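# mind folding the following:
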Amino acid sequence: MTTDPQAERPKTPAEHGPMVLLINEVDIDYEVWEDRRRGLRERFTGMQGAGRTVIHAVKGASFAVYEGESVAIMGSNGSGKSTILAAIAGLLPVTGGEIYASYEPRLMGVGAALLPKVSGMRNIRIGCLALGMSVEQIDERLDSIIEFADIGEAINRPLRSYSSGMKARLLFAIATSIRPKILMIDEALSVGDKEFRAKSEGRIQDMLNHAGTLLMVSHNMNELKRLCTRGIWLEEGVILADGPLDEVIATYTEGT
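The predicted structure follows:
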């Protein structure tokens, strides 16, 4: 981390690079069914009956993010934080509005691609393929991923035998083996020991120092203060505050 006092002051958009992400009046709705099988049947037949609830997860959200910014997205459980990150990553469709990105946003977390029955070593290859790496790129980065994860001989054991901390180490090592221009993190640093969290934060800071852009969801305010300079408070799908992190945290704390 830099000790330059100017680095502690949140930068204005003009002090950052160009805009890399624009969220424009975005709405995100999804359906919840009391009976999942009935819901699938009604979806395919076009008929809608009882037991269907539409959740308005995000309502008219708008904000711009600039190159080099580190943005914390905070809010209570169910406020829409993870939903909007998933939409930015292209994993969820938007109901209304638009999302524009200069680079492909990467949501840190390749957990869905990993297989519990195979070894950590094999899962590194699977996870890296899911991130779009070629076989040659994986071979080049394999040793550094193993070294960063630092889980010893467990790398050759099935993933299902891992503790939550060991799995978090492996997931983070895989997901940050590339240096995305736009990295999104959803509570990924909350698991793991103090030494690993410090190492993880160092890797994120290195990305930011090279003009990367960070969007981060976490309930850990100290973690957000260490890594972010700007805050967005989202509640019931609506943005209630957007500005310098300390000011948004104060507003959020007073309002909850």
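# distance of D193 from S164?
11 Å (C-beta to C-beta, to the nearest Å). The way it works is simple: take the backbone N, C-alpha and C, and place the C-beta from them, glycine included.
# all helices of the stretch 1-150 of the chain, in order?
Assigned by DSSP state H, counting those that start in this stretch, the stretch 1-150 of the chain shows helices spanning 36-45, 81-88, 120-130, 135-149.
# now the angle from the longest one to helix 120-130?
Read that as helix 135-149. Relative orientation of helix 135-149 versus helix 120-130 (axes from the mean of the first three to the mean of the last three C-alpha atoms, to 10 degrees): 130 degrees.
# return the list of helices and strands in contact with helix 135-149.
helix 120-130, helix 164-175 (3 or more C-beta pairs under 8 Å, 6 or more residues apart in numbering; DSSP states H and E).
# ok, and for the longest one, which residues are buried?
Along helix 164-175, the positions that meet the burial threshold by neighbour count (16 or more other C-beta atoms under 10 Å) are M166, K167, A168, R169, L170, L171, F172, A173, I174, A175.
# for this structure, what helix or strand is lowest in average pLDDT?
One helix or strand of the chain scores below all others by mean pLDDT, DSSP states H and E: helix 36-45, with a mean of 56.
# which regions of the protein sit below the pLDDT cut-off?
1-15, 33-51, 109-113, 188-192 (pLDDT under 70).
# ok, which stretches of it are strands?
Taking DSSP state E, the strands of the chain run over residues 19-33, 52-66, 70-74, 96-101, 105-108, 182-186, 213-217, 230-235, 238-244.
# now for the first one, which elements pack on it?
So that's strand 19-33. Going by 3+ C-beta pairs under 8 Å, 6+ apart, strand 19-33 lies up against strand 52-66, helix 81-88, strand 96-101, strand 213-217.
# quick one: distance of the third one to the chain centre.
This points to strand 96-101. Per C-alpha atoms, centre = their mean, to the nearest Å, the displacement of strand 96-101 from the mean C-alpha position of its chain is 17 Å.
# and the contacts of it?
20-27, 60-62, 87-88, 182 (C-beta atoms under 8 Å, 6 or more residues apart in numbering).
# check this protein and tell me which residue is nearest its centre.
I185 (2.6 Å; C-alpha atoms, centre = their mean).
# partner residues bridging it?
M108, M216 (DSSP bridges).
# wait, S177 sits on I145?
Yes. Between S177 and I145 there is a contact under C-beta atoms under 8 Å: 5.1 Å.
# show me which of the contacts of strand 96-101 are buried.
Applying 16+ other C-beta under 10 Å to the contacts of strand 96-101 flags V20, L21, I23, V26, D27, A61, A87, I88, I182 as buried.
# from D29, how far off is the nearest residue to the first one once chain neighbours are set aside?
Okay, so that is V20. Nearest non-adjacent residue to V20, counting by C-beta to C-beta, 6 or more residues apart in numbering: S102, 4.4 Å away. Counting by C-beta to C-beta, the gap from S102 to D29 is 27 Å.
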